[in-house]
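Q: how would this look folded up:
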Amino acid sequence: MSQSPQRVHFIAVGGSIMHSLAISLKQAGHQVSGSDDHFFEPSKSNLENNGLLPEVEGWNPDIITNEIDLVILGMHAKAHNPELQKAQELGLKVFSYPEYIYERCKDKQRIVIAGSHGKTTITAMVMHVLKVIDRDFDYMVGAQLKGFENMVKLSDAPTIIIEGDEYTTSATDRTPKFLNYHHHIGVISGIAWDHFNVYPTLDDYVKQFELLADATPKAGSLIYCEEDNLASMIITEKDRADVTILPYKAHDHVVRGGKTYLRIPEGEIPVEVFGYHNMQNLSGAQAILKRIGVTDDQFYQAIVSFKGAAKRMEIVGENSDSIIYSDFAHAPSKLMATTLAIKDQFPNRYLVACLELHTFSSLNKDFIDQYENTFNHSDQAIIYINPEAASIKGLEKLNKEELRSAFKRDDILFFDNKDQLEDHLTDITWKNKNLILMSSGNFGGLNIKKIKESILG
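A: Here you go, the predicted model:
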């Protein structure tokens, strides 16, 4: 596809990748416009700061004209979206953003990192190391990373690092996004059933990763976590001709005095990330980088300064008695891995863990039993549900008894009012206690600043 200046319109520009791609294209000299029916932070501010925030929310088919070179369709837009229908009537080129990324990167080496959990962190680790060693590369990642201005970069670099999402591509393409990138190196970090609304059974869900593995070309590579049963089953139970298979497992490490150290031939080196799942992620990143010519020495020298991606066990604040973490954890496997990691890192500190059930899967009575025993590593387990979130998704709100039964934990504290949750958290005596706030939402607008001041003083 030509990279000469084009007029590009984004339908559902407010998405995390969509708005980042829009900003990237504008910065590259393209004429960019966009629309959406609602904007959330940080997309809203990012678009506004780059002169791309529409004056009004909503869809306006009148702005779709023959002067537009191509339309990029976001996942949030429905098949009957009036702007999409107008673009189709005019015969305009319409791409989902994964299709567009592929069109722009056909001539690059494409590394696609997939998995139910860990894919963002592995992608971030790879990007961090490549940046430190001054290797030129493009990327697309689903979280904001320190040292990277945007979440998308498209240039003349020979390689692109892509976080591959298994969710459906768009209203006109129900295949998982990661199939549209046509990887040379594919990675599966682990598989745990998610996205109940589009994959109603575990078999349906696992099948998407099997399709990803099957799409690996001859002379391509498949990297997977051998400690994950489902990933191992997919990779090892089928022979894929002329594909290099590279398993990895958690890096050898030791936790001492609230700090994690990697054990390497030369001794021990400290790292900022912690938890068994992050030791797996670290080995996954190392396997990818080794495949593209990064030495172990280069890797270890760079990884010690990696502090993680936004909302992936991100430290909100800390003092000598307490640490407040924010994490994207919402699926069962993520909840268990995150709480276990903090408890293992600080075994003598009381852990208050607060989980917002926000996604369609987590709010669904037919899926909630998947959380059984996943909240057992916290000393105090709190669940928050925003009643509006359940209503918008057309779901009946779960009650305290249903949650306690599903999680198999009778002492779960339940809140559906964010002010009451705030009062509870600010009333706790926080000496020698840590707090983890886990959600893909925002706890209904919880005043994090007030909670932070109350805990840390």
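Q: contacts, neighbours, all on C-alpha from now
A: Fine.
Q: For the longest helix along the chain, the averaged confidence score.
A: Secondary structure of the chain per DSSP state H: the longest helix is helix 276-291. Averaged across helix 276-291, pLDDT comes to 97.
Q: So which elements touch it?
A: If contacts are counted by 3 or more C-alpha pairs under 8 Å, 6 or more residues apart in numbering; DSSP states H and E, helix 276-291 sits against helix 119-132, strand 221-225, strand 244-248, helix 296-303, helix 332-345.
Q: can you list contacts of the last one?
A: Counting by C-alpha atoms under 8 Å, 6 or more residues apart in numbering, helix 332-345 makes contact with 117, 192, 255, 258-260, 274-277, 313, 327, 329, 349, 351, 353, 370-371, 374-378, 436, 438, all of which sit outside it.
Q: by how many degrees do it and helix 276-291 diverge?
A: Helix 332-345 and helix 276-291 meet at an angle of 100 degrees, taking axes from the mean of the first three to the mean of the last three C-alpha atoms, to 10 degrees as the criterion.
Q: Just the C-alpha atoms of the helix or strand following helix 332-345, please, in PDB.
A: Under the assignment DSSP states H and E, the closest C-terminal helix or strand after helix 332-345 is strand 350-356. Provided in PDB are the C-alpha atoms of strand 350-356 (Å, rounded to 0.1, in the frame of the first residue of the first chain):
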ATOM      1  CA  TYR A 350      -1.500  -8.300  54.500                       C
ATOM      2  CA  LEU A 351      -2.900  -8.100  50.900                       C
ATOM      3  CA  VAL A 352      -6.200  -6.200  50.200                       C
ATOM      4  CA  ALA A 353      -7.300  -7.100  46.700                       C
ATOM      5  CA  CYS A 354     -10.100  -5.200  45.000                       C
ATOM      6  CA  LEU A 355     -11.500  -6.600  41.700                       C
ATOM      7  CA  GLU A 356     -14.000  -4.900  39.500                       C
END
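Q: gap between strand 350-356 and the chain center?
A: Taking the mean of its C-alpha atoms, strand 350-356 sits 20 Å from the chain's own mean (C-alpha atoms, centre = their mean, to the nearest Å).
Q: tell me the mean pLDDT for that strand?
A: 97.
Q: Can you tell me the strand partners of that strand and which way each runs?
A: On the basis of DSSP bridges, the sheet neighbours of strand 350-356 come out as strand 380-384 (parallel), strand 433-438 (parallel).
Q: Buried by neighbour count: which residues of it qualify?
A: The neighbour-count check on strand 350-356 (16 or more other C-alpha atoms under 10 Å) flags 350-356 as buried.
Q: Equivalent analysis for stretch 136-156, please.
A: Buried, per 16+ other C-alpha under 10 Å, within stretch 136-156: 137-145, 150-155.
Q: Can you get me the start-to-end distance on that stretch?
A: 9 Å (C-alpha to C-alpha, to the nearest Å).
Q: what's in contact with that stretch?
A: Contacts for stretch 136-156 (C-alpha under 8 Å, 6+ apart): 16-17, 20-21, 24, 104, 120, 123-124, 127, 130, 157-163, 308-311.
Q: Stretch 190-209 now?
A: In contact with stretch 190-209 (C-alpha under 8 Å, 6+ apart) are residues 115-118, 166-168, 176, 188, 224-225, 228, 230-231, 234, 331-333, 360-361, 367.
Q: Model confidence score at the residue nearest to residue 289 when sequence neighbours are not counted, please.
A: Residue nearest to residue 289 in three dimensions, not counting chain neighbours: residue 126, with 6.7 Å by C-alpha to C-alpha, 6 or more residues apart in numbering. Looking at residue 126, its pLDDT reads 98.
Q: Low-confidence bits of this structure, can you list those?
A: 1-3 (pLDDT under 70).
Q: Would you quantify the distance from the residue lying farthest from the centre of it to residue 9?
A: Residue farthest from the centre of the chain, counting by C-alpha atoms, centre = their mean, is residue 66 at 35.6 Å. Separation of residue 66 from residue 9 (C-alpha to C-alpha): 12 Å.
Q: what's the answer for residue 328, then?
A: In terms of C-alpha to C-alpha, residue 328 sits 30 Å off from residue 9.
Q: Equivalent analysis for residue 322, please.
A: 47 Å.
Q: Quickly list the domain ranges of the chain.
A: When the chain is parsed with automatic domain parsing, its domains come out as 7-96, 105-303, 314-456.
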